[in-house]
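Asker: pasting a predicted model and its sequence here:
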Amino acid sequence: MRFKDRVTIVTGGGSGLGRVLAHRFAAEGAAVVVADVARERAVAVAEEIFDAGGDSLAQTTDVTDASEVKTMVEATRETFGPVDVLINNAAKATDADFLSLGEGIWDEDVAITLKGPFLCAQAVLPDMVKHGSGVIINISSVNALGYYGNEAYSAAKAGILSLTRSLAVLYGPSGIRVNAIAPGTLRTPAWEQRREKNPYVFERLTRWYPLGRVGEPDDVAGAALFLASDDAAWITGAVLPVDGGLTAGNMQMMEEMIKGQGDQTS
């Protein structure tokens with residue numbers, strides 16, 4: 001078990017990708033703190049981990065509130081000890097036309113998605129520096145690498161990549177590694193509203209992915225387990241796309257280009 005006797009915090013751990021991350025780290029021996037703004041979700045996942053034989057603690061935490069983040073980290077320390085692994089997963093993406101995107105919505109999306117990782121990293125780093133080790137994994141998105149909509153969310157996810165590099169350089173000498181994962185489309189509850197409007201949305205999206213499918217939370221969890229483990233001991237400041245090949249190139253565009261060349265006449 002790669003994370004036996006290690007303590008992991010997963011923000012946004014009450015559903016979707018966060019829930020799977022919490023379960024996967026617990027299955028590898030970590031004591032997992034499930035942090036979520038919704039208490040009932042955090043408690044449910046923590047209880048699932050406990051029932052499966054793992055160690056867990058639920059924390060109701062608004063990651064945009066420095067005092068709540070501090071309370072979460074203090075509770076973690078009192079229950080399990082200092083944090084070994086922080087996974088900044090909490091985020092918010094609002095579907096709205098850019099010109100109708102209100103200032104309040106922009107601020108909320110950016111606060112949860114970017115300010116949250118800043119506050120959480122700031123809260124755990126003193127203990128990590130003191131002990132000379134630690135791992136921070138920031139869940140970014142392919143939206144940070146190209147345009148895929150959700151302008152506020154995308155801007156915040158791009159900011160996470162800069163924050164990742166900054167912290168990797170600043171705290172590498174203290175034995176702390178900081179990396180980011182950039183997932184593509186994942187089959188999570190966050191897509192339920194779109195699926196209600198279009199039940200075949202995932203099937204339509206698969207044509208853009210070279211591997212022929214959208215992602216599952218376990219695809220990202222596997223990458224996170226690797227980056228947090230000793231197998232990645234010399235990896236820091238990196239961004240790992242977990243996107244089925246989406247950002248590698250566009251097959252549909254290539255086929256259209258070839259078709260267009262064939263249609264040309266001399």
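Answerer: Now that the structure is in, tell me what you want to look at.
Asker: surely residue 157 meets residue 146?
Answerer: No. Counting by CB atoms under 8 Å, residue 157 stays clear of residue 146, with 11.1 Å between them. All C-beta atoms are positioned from the backbone trio N, CA, C, and that covers glycine.
Asker: of the two, which one has the most company?
Answerer: residue 157 (26 against 9; other CB atoms under 10 Å).
Asker: does that one lie in a helix or a strand, and which?
Answerer: Counting by DSSP states H and E, the element that carries residue 157 is helix 151-171.
Asker: output the contacting helices and strands for the following helix or strand past that helix.
Answerer: With elements assigned by DSSP H and E, the helix or strand that comes after helix 151-171 is strand 176-183. Here strand 176-183 touches helix 116-131, strand 134-139, helix 151-171, helix 217-228, strand 239-242, going by 3 or more CB pairs under 8 Å, 6 or more residues apart in numbering; DSSP states H and E.
Asker: okay, the angle between the second one and helix 151-171?
Answerer: Yep, that's strand 134-139 we're talking about. 160 degrees (axes from the mean of the first three to the mean of the last three CA atoms, to 10 degrees).
Asker: which helices and strands does strand 134-139 pack with?
Answerer: Packed next to strand 134-139, using 3+ CB pairs under 8 Å, 6+ apart, are strand 85-88, helix 116-131, helix 151-171, strand 176-183, helix 217-228.
Asker: Throw these into TSV and include mean pLDDT, thanks.
Answerer: Putting those into TSV (pLDDT from 0 to 100) gives the following:
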stretch	mean pLDDT
strand 85-88	98
helix 116-131	98
helix 151-171	98
strand 176-183	98
helix 217-228	98
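Asker: pick the most deeply packed of the ones you listed.
Answerer: Per residue and on average, the most neighbours among the helices and strands packed on strand 134-139 fall to strand 85-88, with a mean of 28 (mean count of other CB atoms under 10 Å).
Asker: how about residues contacting whichever helix or strand comes after that one?
Answerer: Downstream of strand 85-88, the first helix or strand assigned by DSSP H and E is helix 103-110. Helix 103-110 has contacts (CB atoms under 8 Å, 6 or more residues apart in numbering) with 92, 93, 94, 96, 150, 152, 153, 155, 156, 159.
Asker: the second one contacts residue 150, correct?
Answerer: Yes. At 4.5 Å, residue 93 counts as touching residue 150 under the criterion of CB under 8 Å.
Asker: circling back: JSON lines for the helices and strands packed on strand 176-183, including distance to residue 47?
Answerer: As requested, those are exported to JSON lines (distance: least, CB to CB, whole Å):
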{"stretch": "helix 116-131", "distance to residue 47": "23"}
{"stretch": "strand 134-139", "distance to residue 47": "23"}
{"stretch": "helix 151-171", "distance to residue 47": "30"}
{"stretch": "helix 217-228", "distance to residue 47": "19"}
{"stretch": "strand 239-242", "distance to residue 47": "28"}
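Asker: and whichever strand or helix holds residue 75 with helix 116-131, angle?
Answerer: Residue 75 is part of helix 66-79, with elements assigned from DSSP H and E. Put simply, helix 66-79 runs at 40 degrees to helix 116-131, going by the same axes, to 10 degrees.
Asker: can you list the buried residues in helix 66-79?
Answerer: By neighbour count on 16 or more other CB atoms under 10 Å, the buried set for helix 66-79 is 68, 69, 72, 73, 75, 76.
Asker: just to revisit the earlier point, a markdown table please, covering the contacts of helix 103-110 and showing distance to residue 41.
Answerer: Shown next, in a markdown table, are the contacts of helix 103-110 (distance: CB to CB, whole Å):
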| residue | distance to residue 41 |
| --- | --- |
| 92 | 15 |
| 93 | 18 |
| 94 | 20 |
| 96 | 24 |
| 150 | 22 |
| 152 | 23 |
| 153 | 20 |
| 155 | 26 |
| 156 | 22 |
| 159 | 26 |
